[in-house]
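Asks: sequence plus the predicted model coming up.
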Amino acid sequence: MHIVSILTSLTSGGAEMLVVNLSKEYVANGHRSTVVSLVDAHSVGNSPEMEAVLRQRIIDEGGEHISLQLGTSRNPLNGWRKMRHLVRDLKPDVIHAHTARALLMMLAHPGKAPVVLTHHNSKLSFPVAMFRLFDQIASAYVAISKETETLFAQHVKRPIAYIPNAASKSFSASAPRAVVGASPQILSVGAISAQKHYDLLVEVAVALKNKAGGNAMPKFQIAGNGVDLENMRTLAQERGVADHVHFLGERSDIAQLMQSSDLYLNTSRYEGMPVALLEAMASGLPIIATKVAGNTELVGHLENGLLCPLDDPESLAEAISKLLGDTEFYGQCSASAIMRSKSFSIETTCANHLALYQKICAS
């Protein structure tokens with residue numbers, strides 16, 4: 001089977017990492033995998049260096065990568081023409097769009113390959129009315145979480161497959177973490193965006209600093225890029241926590257950062273099913289997260305971490321203090337994180353995707 005997976009650009013976001021990880025699994029299962037980017041990374045403000053790393057990884061793992069180089073132009077006719085040429089040349093057996101933008105380019109595409117759409121968030125980035133058009137193009141939808149499954153069920157008429165995200169096998173812990181490091185490190189991973197709500201993270205650091213009263217503070221590290229990166233660094237400076245909150249930019253060594261950290265912090269306003277959180281769980285990191293869609297499906301309160309109200313920095317700061325200060329509870333959360341992560345294996349996610357593809361190809 002030739003599987004063509006389409007995303008906006010190659011970057012280190014959760015949806016993109018899932019596509020890259022699945023490409024490797026498809027090839028390992030005897031299929032041909034082509035990952036297609038609609039745009040080059042630099043044209044949408046993403047890192048060309050990360051793009052090159054991910055492209056090479058796809059190739060090294062037996063897949064192929066093609067960029068349509070559409071840039072920021074929203075000319076639908078140009079996109080439609082390039083997509084038609086691509087489909088005609090590749091002759092895929094199935095096309096999986098991981099961005100709604102790609103779906104519109106496949107109106108009356110040549111060939112008979114069925115089309116699948118995954119929307120990677122619990123909120124829509126397009127008008128609800130678009131689903132009527134999508135139903136004319138897509139043979140099925142993939143829901144990555146219960147929240148997105150409910151979202152699809154309200155608006156689409158095509159079949160919906162619930163297939164949760166998963167982390168790469170490179171994220172794994174041989175044993176639960178027993179103690180917190182002498183200088184605790186708290187990690188967050190994700191694009192600098194309104195969704196990830198890193199201004200809340202800065203306020204959490206302020207709350208912890210006020211509680212510390214001159215005592216040692218944990219170190220916050222945020223791996224991610226975005227147009228607001230410098231603004232966030234400035235905010236940390238203005239709020240007096242720049243020595244404790246470090247915005248690292250986009251990184252390709254997330255697995256190593258996970259290994260050297262003590263806690264994982266997610267301050268998002270909403271999520272789909274965050275791959276970085278799954279990676280953290282597999283790495284044995286206890287989780288502190290906002291109690292919002294996407295996070296609540298992965299974090300069991302008082303099990304593998306703590307869930308806190310959105311926009312409540314004091315609550316998040318208190319949760320961090322509790323986990324860092326209670327060795328027994330910390331170890332229990334680490335063990336539970338590893339155990340819970342085993343329910344979200346990349347092998348199972350791949351198998352479920354392949355089963356869906358085979359079913360729609362046969363219908």
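Replies: That came through, no problem.
Asks: what comes up buried for the lengthiest helix in the chain?
Replies: What stands out as the longest helix in the chain, according to DSSP state H, is helix 346-362. Within helix 346-362, the residues scored as buried using 16 or more other Cβ atoms under 10 Å are 346, 349-350, 352-354, 356-357, 360. (C-beta placed from N, C-alpha, C; glycine too.)
Asks: in a markdown table, list those residues along with distance to P159.
Replies: Shown next, in a markdown table, are those (distance: Cβ to Cβ, whole Å):
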| residue | distance to P159 |
| --- | --- |
| I346 | 23 |
| T349 | 18 |
| C350 | 19 |
| N352 | 13 |
| H353 | 14 |
| L354 | 16 |
| L356 | 9 |
| Y357 | 12 |
| I360 | 8 |
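Asks: and the longest helix of the chain, what other elements does it pack with?
Replies: Judged by 3 or more Cβ pairs under 8 Å, 6 or more residues apart in numbering; DSSP states H and E, helix 346-362 is in contact with helix 14-28, strand 94-97, strand 115-118, strand 140-143.
Asks: including distance to L323 and mean neighbour count, could these go into TSV?
Replies: Shown next, in TSV, are those (distance: least, Cβ to Cβ, whole Å; neighbours: other Cβ atoms under 10 Å):
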stretch	distance to L323	mean neighbour count
helix 14-28	24	22
strand 94-97	38	26
strand 115-118	33	25
strand 140-143	31	24
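Asks: only C-alpha atoms, please: export stretch 70-86 in CSV.
Replies: Taking C-alpha atoms only, stretch 70-86 is exported to CSV below (Å, rounded to 0.1, in the frame of the first residue of the first chain):
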residue,chain,number,x,y,z
LEU,A,70,3.0,26.7,-1.8
GLY,A,71,4.3,29.4,0.5
THR,A,72,1.9,31.7,2.2
SER,A,73,-0.3,32.1,-0.9
ARG,A,74,-3.9,31.0,-0.3
ASN,A,75,-4.6,30.8,-4.1
PRO,A,76,-6.9,27.7,-4.1
LEU,A,77,-6.4,27.1,-7.8
ASN,A,78,-2.6,26.9,-7.5
GLY,A,79,-2.9,24.5,-4.7
TRP,A,80,-5.5,22.4,-6.5
ARG,A,81,-3.3,22.2,-9.6
LYS,A,82,-0.2,21.2,-7.7
MET,A,83,-2.1,18.6,-5.7
ARG,A,84,-3.6,17.1,-8.9
HIS,A,85,-0.1,16.7,-10.4
LEU,A,86,1.2,15.2,-7.2
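Asks: mind checking the pLDDT average for that stretch?
Replies: Stretch 70-86 shows a mean pLDDT of 83.
Asks: residues in contact with it?
Replies: For stretch 70-86, contacts defined as Cβ atoms under 8 Å, 6 or more residues apart in numbering pick out 36, 38-40, 43-44, 66, 68, 101-102, 104-107, 109-110.
Asks: stretch 218-226 now?
Replies: Here stretch 218-226 has contacts from 11-12, 45-47, 50, 183-193, 196, 198, 201, 205, 208, 232, 244-251, 254, 257, 261-263, 265, 320, 324, using Cβ under 8 Å, 6+ apart.
Asks: try it again at 7 Å.
Replies: Applying Cβ atoms under 7 Å, 6 or more residues apart in numbering, the external contacts of stretch 218-226 come out as 46-47, 183-193, 198, 201, 205, 208, 244-251, 254, 257, 320, 324.
Asks: check stretch 322-334 too.
Replies: 176-180, 184, 218, 263, 284, 286, 288, 304-306.
Asks: next one: stretch 261-268
Replies: Counting by Cβ under 7 Å, 6+ apart, 180-181, 184-188, 195-198, 200-201, 274, 277, 280, 285-290, 292, 295, 320, 323 sit against stretch 261-268.
Asks: average pLDDT across the host helix or strand of Y330?
Replies: In this structure, Y330 sits in helix 327-341 according to DSSP states H and E. For helix 327-341, mean pLDDT is 97.
Asks: how about it, which residues are buried there?
Replies: Within helix 327-341, the residues that count as buried by 16+ other Cβ under 10 Å are 330-338, 340-341.
Asks: do the same with stretch 285-294
Replies: Quick answer for stretch 285-294 (16+ other Cβ under 10 Å): 285-290, 292-294.
Asks: distance between it and the chain's centre?
Replies: Its chain's average C-alpha position is 14 Å from that of stretch 285-294, according to Cα atoms, centre = their mean, to the nearest Å.
Asks: can I get it in PDB? Just the C-alpha atoms.
Replies: Provided in PDB are the C-alpha atoms of stretch 285-294 (Å, rounded to 0.1, in the frame of the first residue of the first chain):
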ATOM      1  CA  LEU A 285       7.900  12.400  34.100                       C
ATOM      2  CA  PRO A 286       5.000  13.200  36.500                       C
ATOM      3  CA  ILE A 287       2.700  15.700  34.900                       C
ATOM      4  CA  ILE A 288       1.300  19.100  36.000                       C
ATOM      5  CA  ALA A 289      -1.400  20.200  33.500                       C
ATOM      6  CA  THR A 290      -4.400  22.500  33.100                       C
ATOM      7  CA  LYS A 291      -7.700  20.800  33.400                       C
ATOM      8  CA  VAL A 292      -8.700  21.200  29.700                       C
ATOM      9  CA  ALA A 293      -9.700  19.100  26.800                       C
ATOM     10  CA  GLY A 294      -6.900  16.800  25.600                       C
END
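Asks: pLDDT on that stretch, on average?
Replies: On average, stretch 285-294 scores 96.
Asks: mind listing which of the buried residues of stretch 285-294 are in strands?
Replies: Within these, residues falling in strands by DSSP state E are 287-290.
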